[in-house]
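In: with the sequence up front, the predicted model follows.
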Amino acid sequence: MALVDRLIGLTSPAAAFRRALALLAKGRAEDAIPMLTQAAQARIPEAEYRMALCYFEGAGVPHSQIEGARWLQRAATDGEAEAQALLGALYVHGFAVELGSAPNRAGGLFAAEAPAEPDFAAAIQWARRAAEAGSAKGQALLGYIMTYGPANLRDDDGAFLWYQRAAVSECAEGHLGYALALARRAGDDAAKREVAFHLRRAADAGLPTAMHLLAAVTEQGVGTDRDIDAAALLYRDAAEKGHTEAQTRWGVILMEGRTVPQDVVMGESWLRRAALAGDPEAAAFIGNFYAQAGAAPPNYLEAANWFRRAADGGHRAAARALGSLYLTGAGVPQDNEEALRWLRVAASAGDEPSRVDMANLVLQGGGDPDDPARVAAWFSQSAVAGDLMAAFNLSICLAKGVGYQQDESLAARWLRRAAEGVPEAQYMVGRMVVEGRGCAPDAAAARGWFLRAAEAGVVDAQVALAEMLINGRGGARDPAAAVKLFERAAGKGHSGAMFALGAAHSGGHGIPEDRPRARQWFQAAADLGHGHAQLMMGRYLAQGAVGQRDAIKAREWFERAASQGVSEASQDLSLLTSETAPRR
């Protein structure tokens, strides 16, 4: 130590502290410690606080959390506001659960290797002392406790004012807290711009949470100009600072390559980092990546592992995906019970597709004895709350007796309710009305229901409406419109529509006869396994109606149609056999 430092050390503690601060500013922590110790032992609160920081950081002294805790307790007790704020923060994070008011118990501050439960009661006392003494960090901490602490400590208005005071003092945490408090008040465009302003101030100060939130509002253009390129860079910066959700978003951006050059390897690396840190969304994304065919074939085993991690973290779509893998035996052993277990997890969390999958399995006789009632209750609760798709599913449960005693009348009521907005329900109401189930038959009304569902893209409804149009049921005949509907449905692979087109072009249905075209449609339907189309293919070939007669192929089509129970095919096959039998 220089002579001047030794001389200062012999003078007042205040002078020693000033010299210690100068040495610390120059990075000479070891030279500063003797004078800092002299000032701290003289109960100069700021010196005590700096001693605590030196022990926490291992600057000039061996790293010691216990010694740091002892000096921090003394500094806070002696009125050092920043020490009070730090001590309050440690209580919030569960690092001070055993710390008492007596200085000799300061070692309990870090008694456990891992954080314990937060002690908000102690934290708010220290935070309030720091805040009232003018510590901006203490003000921000007090706002945080009033926002996220136990119900008895919450005070949204008080938190708003403390965050505001901290933000005015240019505290990064204050800017972040004030932005979130403003956002919760759902203000006008000016308020949204103020939210973005404070998020930017906090992000500029290096807070990763602020960077992530600023990226989100920048990506969406809320309170600021929409700039997806700038948002991507903010996600990257927050990810590099360890923000898990930002790592997920940055990984997705790299995987998709929308705003930056695509880098699947690096994107997956970021997603893995986030998933291993506990983000179920990242794990689910990786699972989907491996489950889909891309440059490489699907890797269902890897997908299952990531889906399981995501599902364990509460990701309901991942639980459903894992259940689907168990249903099909992709990447995991085929196991209906395990599939139901994961579907039950997803369904219990509110995942509607999982509830539908479970209902289908229950209809097939699977599941636990309690599952039918459970499924019906899910649909009932949602249907009563106004969910039209749930009303549709509830009607099926009632019609099939799943979880309830079978009740077609009540099923019809819920089906009509669902038909207010569910196209599949509109089609089913049409079937119910045209057949007179639970009501008098009404072909005209059925036509209206089929039309609504057909316009919404329900293929079966398009076929049903086309049949009514070509036959003139429920209204005027319109063969041309019927053909267009049949063609739309055939384009989506509906074999019945293909057969109907074959029949329509065969003649007698209000459109010009076109046998070659009719045969093409019969062929298309027959190839998809339509029994009557197979019969017609046999007849066309047996009679040589289009092209040359071919008894061998005709026999094959008749046999295929007969195997599906088409009685006319057996008769035609017998006739063909007798015609082609050898004669003496």
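Out: Everything's here; your move.
In: right, and the helix or strand after the lowest-mean-pLDDT helix or strand in the chain?
Out: Across the helices and strands of the chain, mean confidence by mean pLDDT, DSSP states H and E is lowest for helix 3-9: a mean of 47. Remark: after helix 3-9, the chain's next helix or strand is helix 13-25, criterion DSSP states H and E.
In: where in the chain is pLDDT low?
Out: Along the chain, the parts satisfying pLDDT under 70 run over 1-11, 96-116, 580-584.
In: if you count residues, where's the longest helix of this structure?
Out: Longest helix in the chain, counting residues (DSSP state H): helix 189-204.
In: quick check, distance from that one to the centre of its chain.
Out: Centre-to-centre, helix 189-204 and its host chain are 27 Å apart (C-alpha atoms, centre = their mean, to the nearest Å).
In: got the CA coordinates for it in PDB?
Out: Output of helix 189-204 as PDB, limited to C-alpha atoms (Å, rounded to 0.1, in the frame of the first residue of the first chain):
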ATOM      1  CA  ASP A 189     -53.100   4.800 -28.500                       C
ATOM      2  CA  ALA A 190     -51.200   7.500 -26.500                       C
ATOM      3  CA  ALA A 191     -51.000   5.100 -23.500                       C
ATOM      4  CA  LYS A 192     -49.700   2.300 -25.800                       C
ATOM      5  CA  ARG A 193     -47.000   4.600 -27.200                       C
ATOM      6  CA  GLU A 194     -46.000   5.500 -23.600                       C
ATOM      7  CA  VAL A 195     -45.800   1.700 -22.800                       C
ATOM      8  CA  ALA A 196     -43.500   1.200 -25.800                       C
ATOM      9  CA  PHE A 197     -41.400   4.300 -24.700                       C
ATOM     10  CA  HIS A 198     -40.800   2.900 -21.300                       C
ATOM     11  CA  LEU A 199     -40.100  -0.600 -22.600                       C
ATOM     12  CA  ARG A 200     -37.500   0.900 -24.900                       C
ATOM     13  CA  ARG A 201     -35.800   2.800 -22.000                       C
ATOM     14  CA  ALA A 202     -35.700  -0.500 -20.000                       C
ATOM     15  CA  ALA A 203     -34.400  -2.400 -23.000                       C
ATOM     16  CA  ASP A 204     -31.700   0.200 -23.600                       C
END
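In: begin at 51 from here
Out: Right, with 51 as the first residue, what we last looked at is helix 239-254.
In: what's that helix packed up against?
Out: Here helix 239-254 touches helix 222-234, helix 258-270, going by 3 or more C-beta pairs under 8 Å, 6 or more residues apart in numbering; DSSP states H and E. Just so you know, the C-beta spots here come from the backbone N, C-alpha and C atoms, and that holds for glycine as well.
In: try it again at 10 Å.
Out: helix 206-218, helix 222-234, helix 258-270, helix 278-290 (3 or more C-beta pairs under 10 Å, 6 or more residues apart in numbering; DSSP states H and E).
In: buried ones in it?
Out: Lys242, Glu244, Val245, Ala246, Phe247, His248, Leu249, Arg250, Arg251, Ala252, Ala253 (16 or more other C-beta atoms under 10 Å).
In: can you list these in CSV and add distance to Leu411?
Out: Output for the buried residues of helix 239-254, formatted as CSV (distance: C-beta to C-beta, whole Å):
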residue, distance to Leu411
Lys242, 46
Glu244, 52
Val245, 46
Ala246, 48
Phe247, 53
His248, 51
Leu249, 47
Arg250, 51
Arg251, 54
Ala252, 49
Ala253, 48
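In: out of those residues, the closest to Ala171 would be?
Out: Ranked by distance to Ala171 (C-beta to C-beta), the buried residues of helix 239-254 are led by Ala252 at 27.7 Å.
In: ok, now which ones touch the closest one?
Out: 217, 221-230, 258-261, 263-264 (C-beta atoms under 10 Å, 6 or more residues apart in numbering).
In: at 8 Å instead, please
Out: Ala252 is in contact with Ala222, Glu223, His225, Leu226, Ala229, Thr259, Ala260, Leu264, counting by C-beta atoms under 8 Å, 6 or more residues apart in numbering.
In: closest one to Met482 among the helices and strands packed on helix 239-254?
Out: helix 258-270 (44.5 Å).
In: got the CA positions of the closest one in PDB?
Out: Coordinates of each C-alpha in helix 258-270 appear next as PDB, following Å, rounded to 0.1, in the frame of the first residue of the first chain:
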ATOM      1  CA  PRO A 258     -33.800  -8.900 -21.100                       C
ATOM      2  CA  THR A 259     -37.400  -9.000 -20.200                       C
ATOM      3  CA  ALA A 260     -37.900  -5.500 -21.500                       C
ATOM      4  CA  MET A 261     -36.100  -6.500 -24.700                       C
ATOM      5  CA  HIS A 262     -38.400  -9.400 -25.200                       C
ATOM      6  CA  LEU A 263     -41.600  -7.400 -24.600                       C
ATOM      7  CA  LEU A 264     -40.300  -4.600 -26.800                       C
ATOM      8  CA  ALA A 265     -39.700  -7.100 -29.500                       C
ATOM      9  CA  ALA A 266     -43.300  -8.400 -29.200                       C
ATOM     10  CA  VAL A 267     -44.900  -4.900 -29.500                       C
ATOM     11  CA  THR A 268     -42.500  -4.000 -32.300                       C
ATOM     12  CA  GLU A 269     -43.400  -7.200 -34.100                       C
ATOM     13  CA  GLN A 270     -47.100  -6.400 -33.800                       C
END
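In: what helices or strands is it leaning on?
Out: Helix 258-270 packs on helix 222-234, helix 239-254, helix 278-290, helix 294-306, going by 3+ C-beta pairs under 8 Å, 6+ apart.
In: just the angle between that helix and helix 239-254, please?
Out: 130 degrees (axes from the mean of the first three to the mean of the last three C-alpha atoms, to 10 degrees).
In: can you give me the buried ones in helix 258-270?
Out: For helix 258-270, the buried set under the neighbour-count rule, 16+ other C-beta under 10 Å, comprises Pro258, Thr259, Ala260, Met261, His262, Leu263, Leu264, Ala265, Ala266, Val267, Thr268, Glu269.
In: other residues contacting it?
Out: In contact with helix 258-270 (C-beta under 8 Å, 6+ apart) are residues 222, 225-226, 229-230, 242, 245-246, 249-250, 252-253, 273-278, 280-282, 284-285, 287-288, 291-293, 295-296, 299.
In: separation between the closest residue to Gln88 other than its chain neighbours and Arg610?
Out: Leaving aside its chain neighbours, Gln88 sits nearest to Ala66 (4.6 Å; criterion: C-beta to C-beta, 6 or more residues apart in numbering). Plainly put, Ala66 is 103 Å away from Arg610 if you go by C-beta to C-beta, to the nearest Å.
In: higher neighbour count, these two?
Out: Taking neighbours as other C-beta atoms under 10 Å, Ala66 and Arg610 compare with Ala66 leading, 25 against 18.
In: these two touch, right, that one and Gln91?
Out: No: the criterion here is C-beta atoms under 8 Å, and Ala66 misses it with Gln91 at 10.1 Å.
In: dump the helices and strands packed on helix 239-254 to a markdown table, plus distance to Ala109.
Out: Formatted as a markdown table, the helices and strands packed on helix 239-254 follow (distance: least, C-beta to C-beta, whole Å):
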| stretch | distance to Ala109 |
| --- | --- |
| helix 206-218 | 27 |
| helix 222-234 | 23 |
| helix 258-270 | 24 |
| helix 278-290 | 25 |
